[in-house]
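> my questions concern the predicted model and sequence given below.
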Amino acid sequence: MARKGVSRRALLGNLASLGMIAGPAKVFAAQHKNTPVQQDFSNPYLELIRLLREAAEIEHDLMVQYLYGAFSLKPAYQELVGNPAPGASSFMGVIVQEMQHLGGVNRLLVDLKAAPVLTRQDFPYESDIYPFPFELTALSPVSLARFTYCEAPAGALGAGGGGASPRLLDQLKTTIGSSIPPNHVGHLYDAVIDSLGEVKKKNLAQLDYDAWFESLDHIKEEGEVGHFQFFTSLYRGEHPLFKETPAAWNLPASDARFPCHQVPKNPTAYQGHPNCIQDPDLRALAWLGNLNYWVMLALLDAGYRKKSQIELALSQAIMMGPLWSLARYLPAKGGAIPFDPLSMGFQPGLDAEADRRFARLLIEETRDFARSIGNLLPGDFNDKLYDQLIAAV
């Protein structure tokens, strides 16, 4: 991640120049079969856990970026936001699928006796697999070009892709810049499948391998087809909603016809941090958004660990209740939920009872803070939900 102007890639390069190994066995790293993704561990179980943790962080980061962009859209484009049902015709449909991918990766981790991963990297963050810095920003030609490029199937934008693909690649380069780094997001699941095959061959875990191979193939296919087509239609302004304003993305962001509200880039609600939200009311609402986001993730973490549908259902109640209410309300006021990371994680206790206590305390903290700023809350905000959650946890 970028800190004081030094990117992650630059830091790793500096470490390498000093003879320091930036990752396990990097000096001896090989590539996975049929993919440019590097193999760090010779033991396939260790390598599979590493790749799945990387996949979980990337799925989480994509989900948050899509959420932030979706809720920056103005009311005239709310059809693009859509409803929370899986599909590739709206942002929420894509986001739900990303959440399902995140869930699938975490369930496989748990089946492998590894902990689920609900943390995300701080923004802006550079990954060796994802080709751009992760950023929270309103939708724009640049962000849509990045989403399109990253969801493209392998080879779809190459010179031999046929059809309109080469022209699309030229357009993306014009928007993003001519030197686009390689995109390895789709290849990541090829490497996961490769490592899972090696784990099966050496009998290093007791799994329903056929079911997991099918699930991983499905995750890969969803991103490479439907998501790519959806973002391409938005980037090119070919979606039906752009018929009345075909060049909407070329308008100044201050123009009333521009599709998005002007929301902050990479904001934080942490006091004293760079990019801290300055308006006290917007910061209070953003902090409440963070609290609900953290409650949702704590419940997801518990649900994956215990293979419990109860906690997963409770997390959905937070997502579609308080979090949804705040995410829709803030952009029109020039604010947004910053989705700040939580440094202590979501299961910090030594045992299950300590983790349940942590979850209850976090929900109580969220409820009490919401009630303390009741005059700022949107009209559809329901703070009674928290008491139900406390009783259920």
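All right, it came through fine.

> where does the stretch 101-250 of the chain have low pLDDT?
Scanning the stretch 101-250 of the chain for pLDDT under 70 picks out the ranges 121-128, 154-155, 158-166, 183-184, 223.

> mind running it again at 90?
119-134, 149-171, 173, 176-188, 218-228, 237-238, 241-247 (pLDDT under 90).

> quick one, helices of it?
141-151, 165-176, 185-201, 209-222, 228-235 (DSSP state H, counting those that start in this stretch).

> give me whichever of those is most buried.
Stretch with highest mean neighbour count among the helices of the stretch 101-250 of the chain: helix 141-151 (a mean of 23; mean count of other C-beta atoms under 10 Å). Quick note: C-beta positions are derived from backbone N, CA and C, even for glycine.

> could you give the angle of it to helix 228-235?
Computed by axes from the mean of the first three to the mean of the last three C-alpha atoms, to 10 degrees, the angle separating helix 141-151 from helix 228-235 equals 170 degrees.

> what about helix 141-151, distance to the chain center?
Chain-centre distance of helix 141-151: 14 Å, with C-alpha atoms, centre = their mean, to the nearest Å.

> so what touches stretch 231-251?
76-77, 79-80, 139-141, 144-145, 147-148, 151, 168, 171-172, 175, 257-259 (C-beta atoms under 8 Å, 6 or more residues apart in numbering).

> right, I mislabeled it, should have said stretch 366-376
Contacts of stretch 366-376 (C-beta under 8 Å, 6+ apart): 281, 284-285, 287-288, 291-292, 295, 322, 377, 381, 383, 386-387, 390.

> again, only using 10 Å
For stretch 366-376, the external contacting residues (C-beta atoms under 10 Å, 6 or more residues apart in numbering) are 280-282, 284-285, 287-288, 290-295, 318, 322, 326, 329, 377, 381-387, 389-390.

> inside helices: which ones of those?
280-282, 284-285, 287-288, 290-295, 318, 326, 329, 385-387, 389-390 (DSSP state H).

> which stretches of the stretch 1-150 of the chain form strands?
30-31, 38-39 (DSSP state E, counting those that start in this stretch).

> can you give the strand pairings for the first one, parallel or anti for each?
This means strand 30-31. Counting by DSSP bridges, the strands paired with strand 30-31 are strand 38-39 (antiparallel).

> please work out the average pLDDT along the partner strand.
Mean per-residue pLDDT for strand 38-39: 88.

> tell me how far it lies from the chain's centre.
23 Å.

> please parse the protein into its domains.
31-263, 267-393 (automatic domain parsing).

> now the end-to-end length of the last one.
Right, the one you point to is domain 267-393. End-to-end distance of domain 267-393 (C-alpha to C-alpha, to the nearest Å): 31 Å.

> ok, now stretch 235-247?
End to end - C-alpha to C-alpha - stretch 235-247 spans 11 Å.

> give the buried residues for it.
Neighbour-count burial for stretch 235-247, counted by 16 or more other C-beta atoms under 10 Å, picks out 235, 236, 237, 239, 241, 242, 245.

> wait, which of those is closest to residue 191?
Residue 191 has its nearest neighbour among those in residue 235, at 27.5 Å by C-beta to C-beta.

> any idea how far residue 174 is from the closest one?
Plainly put, residue 235 is 11 Å away from residue 174 if you go by C-beta to C-beta, to the nearest Å.

> name the residues contacting each of the two.
With C-beta under 10 Å, 6+ apart as the test, residue 235 and residue 174 both reach 141, 145.

> what's the burial count for residue 392?
14 (other C-beta atoms under 10 Å).

> appreciated, that's everything.
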